[in-house]
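1. Kindly return the folded structure for what I paste below:
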Amino acid sequence: MQKRLLQLVCLLLVSCITWAQNVTVTGKVTDEAGNPLASASVQIKKTRSGTTTDAQGNFSLSAAPGTVLVVSAVGYEAKEFSASANRVTLSLAADTRSLSEVVVTGFGGAQIKKDLTGNIARVKGKDIEFMPTPSVDAALQGKAAGVFVNSQSGKLGQAVTVRVRGNSSISANSQPLYVLDGIPITTNDQSSYGGDMNPLTDINPNDIESIEVLKDASAGAIYGSRAANGVVLITTKRGKAGKTSVSFNFQTGYSEATKRLDMLNSEEYAELILEGAAYRDNLSGTPLTSPSSWTTYVKEDVMNYYSYGQWATDPLKTYDWQDAVFQKGPYRQADLQIRGGSANTKFFSSFQHLEQTGTIIGNDLIRSTGRLNIDQKANEWLDLGVSLSLSRTYNRRLPDDNAFSNPLQAIALMPMTPFLDPSTGLDAGTPPGDVNIPLYYNPLLTVKYGKFTQDVYRTFGNTYLKAKIAPNLTFQTEFGLDFLSQNEEGYFQSQTVRNQTRAARGIGSNSGTFITNYNTNSYFSYNKVSGAHNLNATLGMQYQQSQAKYNFTEGTDFPSNSYQKIASAATKSGGSSSQTDFRFLSYFLRANYILKENYILSASGRIDASSRFGKNARQGFFPAVSAGWVISNEGFMSKLNTISFLKLRTSYGIVGNAEIGNFPQLGLFAGDAGYAGAAGQRPSQLSNPDLQWERTAQLDAGIDFGVFNNRITGEIDYYIKKTDGLLLNVNIPASTGFSSQVRNVGKLENRGWEFVLNTQNLVGAFKWSTNINLAFNKGEVTDIQGQIIEGGVSSMNRVAQGYNVGVFFTPEYAGVDPANGNALFYKNVKLPNGAIDRTTTSNYAEAQRVVVGDPNPDMIFGFTNNFSYKSFDMTVFFNGVQGNQNNIYGMGRYSSASMLYEDNNTADQLRRWRKPGDITDIPQVRLYRVNGSQASSRYIVDGSYVRLRTLSLGYTLNSKQLAKLKMEKLRVYVSGQNLLTFTKYPYWDPEVNADSFDSNIAKGNDFYTPPQPRTFLVGVNVNF
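-> Coordinates of the predicted model:
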């Protein structure tokens, strides 16, 4: 008994001695701005003992004096300090190294980059803010590996092509799913005039905190049937506890076309067209015996008539129609952001006003947006919040590229045609003058006497409630709304009658689009850390319902051009209304398990049911699994000090594509079969109750690494995407009463490599960091069951088995016969022995169509350098594509066509063949006769480019200067966009896709398409 009592006393004594040796360490953890950091970790180094900070950033723990403590927080650099009884305040710097970034994974999920096993590209909001790009998707260009972005045109607000790891469909929408603060939003074009518009323009890019692109099936499977094209998660800025921060930014400048084409002047034009008249019917290379009849016709009935008699002046004057339609467009943008809050209430609000004038006359965009995000901690177990964004986007539209009223088509006019009719002093072609002059319709008349506007009011709203129902378990429910209200109004005065005969006394139109998109998410989240085990899981459901209503009215015969509303039209010439709906009901599960911070396993699955699919295939299951091994945490790596981080990961999963329209599965009827005044209906579509999702199975293997204390980090990925069940119109027996039916029949495949490298080259007073992303993709259609699918200019784009989607399929141009100036083509006929006949012919009909190019790039890249020295900072950003071709036949058959018509020609036509023995690639000019102007590989050209996308230089006042001004920050800057383009492309812009022909199949076509703007800005950013 006495022995046991002695042991107890000794034990208590030792405990008291130990307790006496420890001290209570207290302090506060903040960011660099002094804002408290909640949930920061404070641990005894090399142990799991420690604590976390509260909402005010305070902490308290017991440790022996002198013990090394480590303070860390997600997204910040860790800091060490020694334990003492003195209260400490620790400021953590933001960690710019990518491995510590927090990546949003969807449905409330977020992971540190180093713990990811899927492939998610992250773009920070600060990397795209204050860029003169109105839409979020365009701002992604060159910022994420494997994400191809083509802005297509210089028209303001136009649709942008985005492809994540290649094309995943032939007929269904191949654009990614966009999710704004948890809401899948409307992104499809809603316009009724000109080319496709971009609803993402309604979002203010400066409101964005981060953009995550879910690229592989493991990352995207939680979005199931909608993730085959990738998922773009847009997270807006939230409030922060601490001092209220007010930020104001203003920038102004102008934009201009990145390039002007070198066209013929009047003297050169006259020389070529008269030469073409002389050789019009010649096939031998020598002039006609009696060319006078055709040269007389050209002089008197062409040049003299269409130039108002100006052709014979000496010297012959040149009117630059290209210069008449291009302009310098002013750019102005003002942003105000207010951010702050307390431990319980946080808020973020913003206001923006943007005014941009296009580089083509008649094109303007004005956008005003406002946002308010509030987060409230009601008590210890309940959080709630609301997000609300309102915007108005006004756009004065341009017609589609393949329209005579497209201003850029003015370059086809003869260069000796004056801008004004000498007899009236009015624009050429204006009544009461001769409306048949110029050669073609004068598009400046539509700009001056016509107008089509699009006015969009957009509301994004989201509210959430998050309850802590157990120590490691929370429940969150969300309700979101995306409401789009659009009005389009057009009026074309009588002066535009040549372009549209129904406008003889004016024609007006008015259309409305109203889309209500509801979304609700409810899910449980479980997070548990126990020793070496870390488990988090999410289980929930999602429901989305979208309804779109459309109406249209048209009127003609107005009393005068002063009356431009439909109510004043004498004839109500058209009207319609329609409605379409779709619904999704989904259940999802995701689990992530980490063992000893070395071994990572993730799994997810989603069940989707949709109104878009047949009753026999309405539901689909989309699973994924991934694993990672952090090799650098293994003991055998401890001596390799150079390697800071090394992780292997792999994933496999199945996702779907549901963007196929709302009713392809149904048997439909149309009510347009009336006869003799009686109403009637007819069957318009054959049903397919077995129609289901296009399914994409994807395998991804990757390496994440960091060396030299993570000053150099990077990623290497290889993927294989196989899509089957492609939705195609399949020919069916005529006895059904239909010629085709939508079925799941096709297959395609994408394989590729992605490389990312981040380096901190210099980290002293002069800082220099670099980001490089590089991606290679090879696509192939593996099965379309023998169908022929074509599109684009002159149907030169084709879907062919064994090739990528939309390859160019046309005869192969072989150059010019030196003996007679005839255009030559390769026959490419398959011989009986299986060889290909590569002999040439001047008979176009003898040349077989073959694959001669591909609009899809082999490689895409982005290259960013950031520099800073004291108060100066500079960013230089290049991006580019390589290995793709463009089709210039749309314009080329008229303006680069050996004088086939009277159109003005590009200056390269001066290199034409003129005499036997000439070596050139431009055939002899022969007016009104095809000589190499047929569709062929002559018009398939290299579309590769490297572009200086962004260059910015800024100066930030130092603290002493700011103290005098009572400001926290003042930065002045200059920036430029699209400053330089390195390319062999012969026309305006290699980053092109004519809106008149745009589809999954028809890419890479140029048809008088305006180039990207070159923009110069000066700005000031002030923080209070």
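
2. From here on, just use CA atoms for contacts and neighbour counts.
-> OK.

3. Beta-bridge partners for the residue nearest to Thr864 when sequence neighbours are not counted, please?
-> The shortest distance from Thr864 to any non-neighbouring residue, by CA to CA, 6 or more residues apart in numbering, is to Phe877 (4.4 Å). For Phe877, the beta-bridge partners are Thr864, Thr950 (DSSP bridges).

4. which residues touch Phe877?
-> 862-865, 948-951 (CA atoms under 8 Å, 6 or more residues apart in numbering).

5. and what of Phe997?
-> 791-793, 1005.

6. Same check on Thr463?
-> Contacts of Thr463 by CA under 8 Å, 6+ apart are 384-387, 478-480.

7. Dig out what it forms beta bridges with.
-> On the basis of DSSP bridges, Thr463 is bridged to Val386, Phe479.

8. State the distance from it to Ile222.
-> 21 Å (CA to CA, to the nearest Å).

9. do the same with Ser509
-> 43 Å.

10. can you pull the pLDDT of Gly75?
-> With respect to pLDDT, Gly75 scores 64.

11. For the residue lying closest to Lys984 once chain neighbours are set aside, give me its contacts.
-> In this structure, Lys984 finds its nearest non-sequential neighbour in Asp942, 6.6 Å apart by CA to CA, 6+ apart. Applying CA under 8 Å, 6+ apart to Asp942 gives the contacts 883-886, 984-985.

12. try 10 Å
-> 853-855, 882-887, 983-986, 990 (CA atoms under 10 Å, 6 or more residues apart in numbering).

13. are any of these buried, and which?
-> Neighbour-count burial (16 or more other CA atoms under 10 Å) applied to the contacts of Asp942 gives 853-855, 882-887, 983, 985, 990.

14. The most centrally placed residue in the chain sits in which helix or strand?
-> Per CA atoms, centre = their mean, the C-alpha nearest to the average position across the chain is that of Asp137, at 3.3 Å. Per DSSP states H and E: Asp137 is located in helix 136-139.

15. Check the gap between the residue nearest to Thr864 and Leu140 for me.
-> 12 Å.

16. which residues do the two both contact?
-> Common neighbours of Phe877 and Leu140 (CA under 10 Å, 6+ apart) do not exist.

17. what sits against Met40?
-> Slight slip there: residue 40 is Ala, not Met. 28-30, 51-55, 57-59, 71-74, 76, 78.

18. How about Pro1013?
-> So Pro1013 contacts 132, 153-156, 254-259, 328-329, 358-360, 977-979, 989 (CA under 10 Å, 6+ apart).

19. returning to what we had before: TSV for the buried ones among the contacts of Asp942, including distance to Asn804, secondary structure and pLDDT?
-> Output for the buried ones among the contacts of Asp942, formatted as TSV (distance: CA to CA, whole Å; DSSP: H, G, I helix; E, B strand; the rest coil; pLDDT from 0 to 100):
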residue	distance to Asn804	secondary structure	pLDDT
Gly853	10	strand	97
Asp854	7	coil	97
Pro855	9	coil	97
Gln882	15	strand	97
Gly883	13	coil	97
Asn884	11	coil	97
Gln885	13	strand	98
Asn886	14	strand	97
Asn887	16	strand	97
Thr983	23	strand	97
Tyr985	22	coil	97
Pro990	20	coil	97
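
20. So which of the residues you listed is the closest to Val447?
-> Pro990 (26.2 Å; CA to CA).

21. how far away is the nearest residue to the closest one once chain neighbours are set aside from Glu478?
-> Spatial nearest neighbour of Pro990, chain neighbours left out: Gly943 (5.1 Å); criterion: CA to CA, 6+ apart. Distance of Gly943 to Glu478, computed by CA to CA: 45 Å.

22. so where do the helices sit in the stretch 751-900 of the chain?
-> Taking DSSP state H, counting those that start in this stretch to define them, one finds helices in the stretch 751-900 of the chain at 889-895.

23. any idea where the strands of it begin and end?
-> With DSSP state E, counting those that start in this stretch as the criterion, the stretch 751-900 of the chain has strands at 766-783, 789-791, 797-799, 807-810, 813-816, 823-826, 829-830, 836-837, 840-841, 850-853, 859-869, 872-882, 885-887.

24. Could you do the stretch 251-400 of the chain as well?
-> Using DSSP E, counting those that start in this stretch, strands in the stretch 251-400 of the chain cover 329-341, 345-357, 364-377, 382-396.

25. Report the angle between the longest one and strand 364-377.
-> Between strand 382-396 and strand 364-377, the angle comes out at 180 degrees (axes from the mean of the first three to the mean of the last three CA atoms, to 10 degrees).

26. next one: strand 382-396 to chain centre, how far?
-> With CA atoms, centre = their mean, to the nearest Å as the basis, strand 382-396 stands 21 Å off its chain's centre.
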